[in-house]
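Participant: Next one to model:
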Amino acid sequence: MTTVNYPTPVTVNGYSCKNCTDVDYAKKNIDPAHPADGPFGVDAKAKPSSSPAVTFGGVLAGVSAASKADTPPIATQGRRLDISA
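Facilitator: Predicted structure coming up:
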């Protein structure tokens with residue numbers, strides 16, 4: 001049996017399907033991209049945790065890109081304004 005890809009992917013149960021085999025998997029709630037994971041991914045192996053691409057040392061050892069992105073910068077100059085004239 002030859003599987004022929006569709007001209008444009010279709011979506012079935014939230015999965016992008018490019019041929020009839022993918023559609024059959026998606027109808028059974030199996031991700032066509034990872035069919036060995038089973039329905040709803042119950043047989044999926046645990047994925048390794050990601051590690052940062054860059055680690056700082058020395059004075060910057062406690063700094064991380066994630067912690068800086070979550071907090072807005074604090075202004076140290078111009079925090080007081082004297083409006084008496």
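
Participant: tell me which element the residue nearest in space to the middle of the chain falls in.
Facilitator: The C-alpha lying nearest the average C-alpha coordinate of the chain belongs to residue 50 (Cα atoms, centre = their mean; 11.2 Å). Using DSSP states H and E, residue 50 maps to neither a helix nor a strand.

Participant: Report pLDDT for it.
Facilitator: pLDDT, residue 50: 72.

Participant: Please tell me how far it sits from residue 10.
Facilitator: 31 Å (Cβ to Cβ, to the nearest Å). Using the backbone N, CA and C atoms, a C-beta is placed for each residue, glycine as well.

Participant: Check residue 24 too.
Facilitator: Relative to residue 10, residue 24 is positioned 12 Å away (criterion: Cβ to Cβ).

Participant: repeat for residue 19
Facilitator: Distance of residue 19 to residue 10, given as Cβ to Cβ: 10 Å.

Participant: same deal with residue 4?
Facilitator: Distance, residue 4 to residue 10, by Cβ to Cβ: 13 Å.

Participant: out of these two, which sits in the more crowded spot?
Facilitator: More crowded of residue 4 and residue 10, by other Cβ atoms under 10 Å: residue 10, with 14 against 8.

Participant: so where's the longest helix in this protein?
Facilitator: The helix spanning the most residues in the chain, taking DSSP state H as the definition, is helix 20-27.

Participant: quick one: buried residues of that one?
Facilitator: Neighbour-count burial for helix 20-27, with 16 or more other Cβ atoms under 10 Å as criterion, is recorded at 22-23, 25-26.

Participant: just those now: which is nearest residue 35?
Facilitator: Closest approach to residue 35 among the buried residues of helix 20-27 (Cβ to Cβ): residue 25, at 5.4 Å.
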